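>>> What shape does this take:
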Amino acid sequence: MPTALLSVYDKTGVVDFARALREMGWSIVSSGGTAKAIAAEGIDVTDVADLTGVPAILSHRVVTLHPKVHGGILADPTDPEHLSDMAEYGIEPISLVVGNLYPFGQGHDDFEHGSGSAVEMIDIGGPAMVRAAAKNHAHVAVIVEPKSYDPVIAELRADGALSVDTKRRLARAAFAHTAAYDAAIVTWFDDNDPDVADETIEVDDVETAGALPASIHLALSKAQSLRYGENPHQEGARYRQAGATSWWDSMTQHGGKALSYLNLYDTEAAWRLVQRFDGPACVVVKHANPCGVAIADDITTAYIRANACDPVSAFGGIVAVNRTVTNEMALALGEVFTEVVVAPGFDDDALATFAKKKNLRVIAANAPSPLPFDVRPIDGGLLVQQPDPVAGRSDDWRIVTNVQPTENQWADMEFAWTVCAAVTSNAIVYTKDRQAFGIGAGQQNRLDSARIATGRADGRASGGACASDAFFPFRDGLEAAIEAGVSCVIQPGGSMRDDEVIAAANEHGLAMVFTGQRHFRH
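Below you'll find the predicted structure:
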């Protein structure tokens, strides 16, 4: 009679699984709450304490850590030495282990053995059993996910045993489960005791410390398969960090086709940028760059103003707003081909209007969580940095021209600065009255970005503000902004030719502010 050991935190489906095993002649060994749940349904189950002869001790910290448990899991029935040891110490083989772990990082009051600190939620016996069974997968099957119960039962009923491929697949899932669990614990240490995570490292005479941990442990699980990647010949999927919450998982899609790789990428960019504004705001994104941004007294006006910045680029773009979408806005947006509209919510009439657009993805979402790291792959690893915070006016900002900005100019510069930080470098943004009119993005030199922004503004930014994500290396970039008619400029400063640029601003009667901080975004 084969033996299965069942010890799970998530008890979804475990009783029905145990019943099905018993019907096929398996014996069941279990402990704690799992054993109680199985026995309560009249299913014959042996408590681990009866198997080992030792009750749960040390406040339930030691339950399954015993040779009769781990010997039964790790034994190789084809090895004579193993068989001899089993006979000498009365160890019976265990053919199936079912285990999943305490949800570390979640509510500690839900712990079945009583509320306690996060440390008490660090499971020891569970990972040990799961890893042991996964190591010995040639002879032992291991299940860590309730979704595996039905396929395993079906295969056992059909074939009387699990195939080598099935056991390898289950073992792989088991190691992924314990890896994610360990990663969550390391992250907890990093989040709650930064001094433990920090490590000063000297590489090529550069000393780094404090801001980033000495190691990063990412455990990602596939959350969503996508139609394809950036191009049809590339596979694509969304992965979610284990134990993390994502606005993508809680969002509601009210209509339209399935989301694509680029839909997710661009929508993330639009949704994060629009959260930076307090007033009713709209962001239109194309290819991860804003092509329209505006703040207004109401969300419909904000959308109309944002779309007016660059209606050619807005075609097929992503629209994000930070207020509930009204039917008035829905009617205005309906006149423009749009891939995705994302908002905190939608009026019923707005949803009815959008329902007529069969391909429009309509997403109601919560605000995104702060990003812990900004990562990019390179050969052999990742480039990692802190996310780039974008701050408003501060004491570090310096007026460097003879002309002092008016309050309206200050407001326009702050708005332009916020938008500019979300634009691919080299970035130039022209705004007026909290509306973007010209955005130059992703050029290899700043002058070209300024000229592109000037052409798109087409005189509409006259009297407004110019923002540059990094300093002007020469006065020619500033002169292109002057051609657009702006009256004030905000930039980091720090060029060897700052004096020339300041002189050009003074010659044309511009106000100019140095922030002392750049916002490159490659």
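
>>> out of everything not next to it in sequence, what's closest to Cys291?
In this structure, Cys291 finds its nearest non-sequential neighbour in Ser313, 3.8 Å apart by Cβ to Cβ, 6 or more residues apart in numbering. Backbone N, C-alpha and C define where each C-beta goes, glycine included.

>>> so the one you found sits right up against Pro290, yeah?
No. Using Cβ atoms under 8 Å, Ser313 and Pro290 do not qualify as a contacting pair, with a distance of 9.6 Å.

>>> Pick out whichever of those two has more residues nearby.
Using other Cβ atoms under 10 Å, the more surrounded residue of Ser313 and Pro290 is Pro290, with 30 against 19.

>>> partner residues bridging the more buried one?
When assigned by DSSP bridges, Pro290 has beta-bridge partners Val285.

>>> Compute the distance between it and Thr424, please.
Noted for Pro290: a distance of 10 Å to Thr424, by Cβ to Cβ, to the nearest Å.

>>> For Ala49, which three-state class applies?
Three-state call for Ala49 (DSSP: H, G, I helix; E, B strand; the rest coil): helix.

>>> quick one: pLDDT of it?
pLDDT, Ala49: 91.

>>> That one - nearest residue in space that isn't next to it in sequence?
Per Cβ to Cβ, 6+ apart, closest to Ala49 is Pro55, 4.7 Å.

>>> Secondary structure element holding that neighbour?
Of the helices and strands defined by DSSP states H and E, none includes Pro55.

>>> So it sits against Val62, correct?
No. Using Cβ under 8 Å, Pro55 is not in contact with Val62; the gap is 9.6 Å.

>>> Where does the prediction get shaky in the stretch 51-200 of the chain?
Filtered on pLDDT under 70, the stretch 51-200 of the chain yields the residue ranges 105-118, 193-200.

>>> From Ala355, how far out is Lys432?
36 Å.

>>> Comparing those two, which shows the higher neighbour count?
Ranked by neighbour count (other Cβ under 10 Å), Lys432 and Ala355 place Lys432 first, with 22 against 14.

>>> From Gln443, how far off is the nearest residue in space to the more buried one that is not next to it in sequence?
Using Cβ to Cβ, 6+ apart and skipping residues adjacent in sequence, the residue nearest Lys432 is Gly464, 2.9 Å away. Gly464 sits 21 Å away from Gln443, going by Cβ to Cβ.

>>> cool, and His139?
Per Cβ to Cβ, His139 is found 62 Å from Gln443.

>>> Could you do Ala457 as well?
16 Å.

>>> Now for Ser313 and Pro290: what residues contact both?
With contacts defined as Cβ atoms under 8 Å, 6 or more residues apart in numbering, the residues shared by Ser313 and Pro290 are Val284.

>>> got the buried residues for the helix or strand hosting Leu156?
In this assignment (DSSP H and E), Leu156 forms part of helix 149-159. Neighbour-count burial for helix 149-159 flags Tyr149, Val152, Ile153, Leu156 (criterion: 16 or more other Cβ atoms under 10 Å).

>>> Quick one: name whatever helix or strand follows it.
helix 164-192.

>>> How far off centre is that following helix?
Centroid separation for helix 164-192 versus its chain: 18 Å, with Cα atoms, centre = their mean, to the nearest Å.

>>> which residues touch Pro280?
Ile295, Ala296, Asp297, Asp298, Ile299, Thr301, Ala302, Val321, Asn322, Arg323.

>>> Ignore what I typed, I meant Asp266.
Taking Cβ under 8 Å, 6+ apart, we find Asp266 in contact with Val285, Lys286, His287, Ala288, Gly317, Ile318, Glu339, Val340.

>>> let's see it at 10 Å
Residues counted as contacts of Asp266 (Cβ atoms under 10 Å, 6 or more residues apart in numbering) are Ser260, Val285, Lys286, His287, Ala288, Asn289, Gly317, Ile318, Ala320, Glu339, Val340.

>>> what's the fifth one sitting at in phi/psi?
Same thing as Ala288. Per-residue torsions, Ala288: phi 70, psi 0 (degrees, to the nearest 10).

>>> begin at 24 from here
All right, first residue 24 from here; so that's Ala311.

>>> OK, contacts around it?
285, 288-293, 341, 445-447, 464-465, 544.

>>> before we move on, back to that, widest-spaced pair of the contacts of Asp289?
Ser283 and Asn312 (17.6 Å; Cβ to Cβ).

>>> Neighbour count: those two, which is higher?
Using other Cβ under 10 Å, the more surrounded residue of Ser283 and Asn312 is Asn312, with 21 against 18.

>>> ok, the closest residue to the more buried one other than its chain neighbours - contacts?
Of all residues not flanking Asn312 in the chain, Ala464 sits nearest, at 4.6 Å (Cβ to Cβ, 6+ apart). Residues near Ala464 by Cβ under 10 Å, 6+ apart: 309-314, 443, 445-452, 472, 475-476, 492, 544.
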